[in-house]
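Participant: sequence first, then the predicted structure, then my questions.
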Amino acid sequence: MPGGPGAAGHQADGEPRAAAAGIGPVDAVDTTEELAALLRQLRRRAARRDGGAQPTYRQLSALTGWAHGVIGDYFAGKTLPPTHRFDTLVQLLGATGRELRQLATARDRVEEARRARTAQAPHGRTGPPGTDDPGALAPVPRQLPADIPELPGRTRELYALDVLRPGQRGSGPVVVALDGPGGVGKSALAVHAAHRLGERFPDGQLYADLRGSHRDERPVPPAAVLRRFLGALGEPRLCSGSEADASAAYRTLLTERRMLIVLDNALDAAQVRPLLPAAHGCAVLVTSLGVLATLNGAVHLHLSPLTPPASIEVLGLWAGPGRLSAERGAAETIAHHCGHLPLALRIAGARLAARPRWPVRELADRLADPAGRLAELSFADLDMHTALDAGHRELLARGPAGRAAALALPLLAAGQGELTVTEAAATTGAAVSATEVILEQLVDVQLLESRAPGRYRFHPLTRLFALRSAARNTVVARAAPRPGAQRAD
């Protein structure tokens, strides 16, 4: 482009030459890396113009709301920004009107060149493998559910999920497993993070609800998920064999592709393993109630309830603008009674939104009664009791040892504060060794927390659920002996 950093005067389109200095050449750009070099030039020029340091990725993230790791990928040439994001980014970096037009043309040229290369690559064929006919471009599935635009209180977790990116050739896929108690917001966080990071995976995003924690529904078999995924990848004919054959075909199709796979509500690691790709360009995000500790190579992220300030923010998002401002104390009481769990806060906020003439204090008073609190935390298709019931159902499916733990649950919840193994044994009348097995089973299904060896505690809402489970346990009492009679295996 004409002119240098100190050039005076104006160009033909009226833009100051000094503002346009240092960018180019633009017309020869046809790769993501070359386009990223232009972005870096704009970033350096912005620093010279403002007489300071270059804008950091975190600063750009704060201005745009995009993940700073994704912004870093744009500048490194690892990801091609979508058109609207590219336009926003170059404007923030001070591109002139003429440069905006040139850069937009260059970005479109890069996209066209990438599509042409994809069409010629082996994974872009729709014909039989080994043929020379590339056929049409492979489908690019975008299966993620709708995003929740704001997710207060999860900045640390979103930063941790920045590891989800295509890896180096020769490495395996990145796998992150999210776990936490019912209502802690695992699915919302997974979907939100997948939307934020999805542009790193230009070949698409696959999503499946494995229904491992859904009430009155059986977990989805891996073979059924593979059929859906193979269909989405344009190869439904490859799922006609066994589950092992379908899994092998799925892994083959993902070779050299960059895809993000979200597996929501997994029951256990066995349900997930056939759905894991082997390709270095893929990443997998799994959510589950318990820790999938036997999932090879997974990075584990354990979700906890929100902080009180973030809880108020979530409650306000669902209650509506300005609803809480006049009754901050009542809002804090509601957040406390919700145990700072995102689902409970969402339900409480929705109830306030549905009753615009209610004072906020009315709902706070209703939630103050422990006996009716879980019943109050239900609205439309959202129900806190149902979310907590997932762990209880998992116990009952574990055979005699699980049923023994379910029977012990209301006894253990009758006390207050932390429990030791000895105290729990005295409460249930079981042997210490058998009691420790029971307590650990309750931890496995997120009905109990253990923050130190031999010490256990209930979340406030889980304690209320456990006390209410006594009536349900009478149904299984005849099928299970006393907890102390169970073997420790």
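Facilitator: That came through, no problem.
Participant: and the gap between the most centrally placed residue in the chain and residue 110?
Facilitator: Nearest to the geometric centre of the chain sits residue 190, at 1.0 Å (Cα atoms, centre = their mean). Computed as Cβ to Cβ, to the nearest Å, the residue 190 to residue 110 distance reads 30 Å. Any C-beta I mention is one placed from the backbone N, CA and C, and that applies to glycine too.
Participant: any low-confidence regions in the stretch 101-250 of the chain?
Facilitator: Residues of the stretch 101-250 of the chain meeting the criterion pLDDT under 70: 117-138, 215-216.
Participant: what about the strands in it?
Facilitator: 174-179, 205-209 (DSSP state E, counting those that start in this stretch).
Participant: okay if I get those strands as a markdown table plus distance to residue 146 and mean neighbour count?
Facilitator: Listed next are the strands of the stretch 101-250 of the chain as a markdown table, based on distance: least, Cβ to Cβ, whole Å; neighbours: other Cβ atoms under 10 Å:
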| stretch | distance to residue 146 | mean neighbour count |
| --- | --- | --- |
| strand 174-179 | 19 | 22 |
| strand 205-209 | 11 | 21 |
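Participant: so where is the stretch 351-489 of the chain shaky, pLDDT-wise?
Facilitator: Using pLDDT under 70, the flagged stretches of the stretch 351-489 of the chain are 470-489.
Participant: quick one, strands of it?
Facilitator: 378-379, 382-383, 419-420, 449-452, 455-457.
Participant: turn those strands into TSV, including mean neighbour count and distance to residue 427.
Facilitator: Formatted as TSV, the strands of the stretch 351-489 of the chain follow (neighbours: other Cβ atoms under 10 Å; distance: least, Cβ to Cβ, whole Å):
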stretch	mean neighbour count	distance to residue 427
strand 378-379	16	30
strand 382-383	17	29
strand 419-420	18	8
strand 449-452	12	16
strand 455-457	17	12
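Participant: hang on, the residue nearest to the centre of the chain packs against residue 180?
Facilitator: No: checked against Cβ atoms under 8 Å, the pair residue 190 and residue 180 is beyond contact range at 11.0 Å.
Participant: ok now the longest helix belonging to the chain, how far from the chain's centre?
Facilitator: Ranked by residue count and defined by DSSP state H, the top helix of the chain is helix 97-120. Between the centre of helix 97-120 and the centre of its chain there are 31 Å (Cα atoms, centre = their mean, to the nearest Å).
Participant: what residues of it count as buried?
Facilitator: By neighbour count on 16 or more other Cβ atoms under 10 Å, the buried set for helix 97-120 is 98, 99, 102, 103, 106, 107, 109, 110, 111, 118.
Participant: just checking, what packs against that helix?
Facilitator: Under the contact definition 3 or more Cβ pairs under 8 Å, 6 or more residues apart in numbering; DSSP states H and E, helix 97-120 sits against helix 32-50, helix 83-92.
Participant: could I have that helix exported to PDB, CA atoms only?
Facilitator: Extracted in PDB, the C-alpha atoms of helix 97-120 (Å, rounded to 0.1, in the frame of the first residue of the first chain):
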ATOM      1  CA  GLY A  97     -12.500   1.900   5.200                       C
ATOM      2  CA  ARG A  98     -10.400   0.900   2.300                       C
ATOM      3  CA  GLU A  99      -8.500  -1.700   4.300                       C
ATOM      4  CA  LEU A 100     -11.800  -3.200   5.600                       C
ATOM      5  CA  ARG A 101     -12.800  -3.800   2.000                       C
ATOM      6  CA  GLN A 102      -9.500  -5.300   1.000                       C
ATOM      7  CA  LEU A 103      -9.200  -7.500   4.100                       C
ATOM      8  CA  ALA A 104     -12.800  -8.700   3.700                       C
ATOM      9  CA  THR A 105     -11.900  -9.800   0.100                       C
ATOM     10  CA  ALA A 106      -8.800 -11.500   1.300                       C
ATOM     11  CA  ARG A 107     -10.700 -13.300   4.000                       C
ATOM     12  CA  ASP A 108     -13.200 -14.600   1.500                       C
ATOM     13  CA  ARG A 109     -10.400 -15.700  -0.800                       C
ATOM     14  CA  VAL A 110      -8.800 -17.700   2.000                       C
ATOM     15  CA  GLU A 111     -12.100 -19.400   2.700                       C
ATOM     16  CA  GLU A 112     -12.500 -20.300  -0.900                       C
ATOM     17  CA  ALA A 113      -9.000 -21.700  -1.100                       C
ATOM     18  CA  ARG A 114      -9.600 -23.800   2.000                       C
ATOM     19  CA  ARG A 115     -12.700 -25.200   0.600                       C
ATOM     20  CA  ALA A 116     -10.900 -26.100  -2.600                       C
ATOM     21  CA  ARG A 117      -8.200 -27.900  -0.700                       C
ATOM     22  CA  THR A 118     -10.800 -29.700   1.400                       C
ATOM     23  CA  ALA A 119     -12.600 -30.900  -1.700                       C
ATOM     24  CA  GLN A 120      -9.300 -32.400  -3.000                       C
END
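Participant: and the angle for that helix with helix 32-50?
Facilitator: Here the directions of helix 97-120 and helix 32-50 differ by 160 degrees (axes from the mean of the first three to the mean of the last three Cα atoms, to 10 degrees).
Participant: and the angle from helix 97-120 to helix 83-92?
Facilitator: Using the same axes, to 10 degrees: helix 97-120 against helix 83-92 is 150 degrees.
Participant: quick one: the nearest residue to residue 316 once chain neighbours are set aside from residue 225, how far?
Facilitator: The shortest distance from residue 316 to any non-neighbouring residue, by Cβ to Cβ, 6 or more residues apart in numbering, is to residue 324 (4.9 Å). Distance, residue 324 to residue 225, by Cβ to Cβ: 41 Å.
Participant: could you do residue 441 as well?
Facilitator: Plainly put, residue 441 is 28 Å away from residue 225 if you go by Cβ to Cβ.
Participant: what do you get for residue 298?
Facilitator: In terms of Cβ to Cβ, residue 298 sits 18 Å off from residue 225.
Participant: with neighbour numbers in mind, choose between these two.
Facilitator: residue 225 (24 against 19; other Cβ atoms under 10 Å).
Participant: how much space separates that one from residue 275?
Facilitator: Counting by Cβ to Cβ - residue 225 and residue 275 are separated by 6 Å.
Participant: can you tell me the helix or strand for residue 265?
Facilitator: Secondary structure assignment for residue 265, by DSSP states H and E: strand 260-266.
Participant: could you check the angle that strand makes with strand 174-179?
Facilitator: Using the same axes, to 10 degrees: strand 260-266 against strand 174-179 is 30 degrees.
Participant: what are the pairing partners of strand 260-266, and which direction each?
Facilitator: Looking at strand 260-266 with DSSP bridges, its partner strands are strand 205-209 (parallel), strand 283-288 (parallel).
Participant: now the ones you listed as TSV including distance to residue 56?
Facilitator: Output for the strands paired with strand 260-266, formatted as TSV (distance: least, Cβ to Cβ, whole Å):
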stretch	distance to residue 56
strand 205-209	28
strand 283-288	25
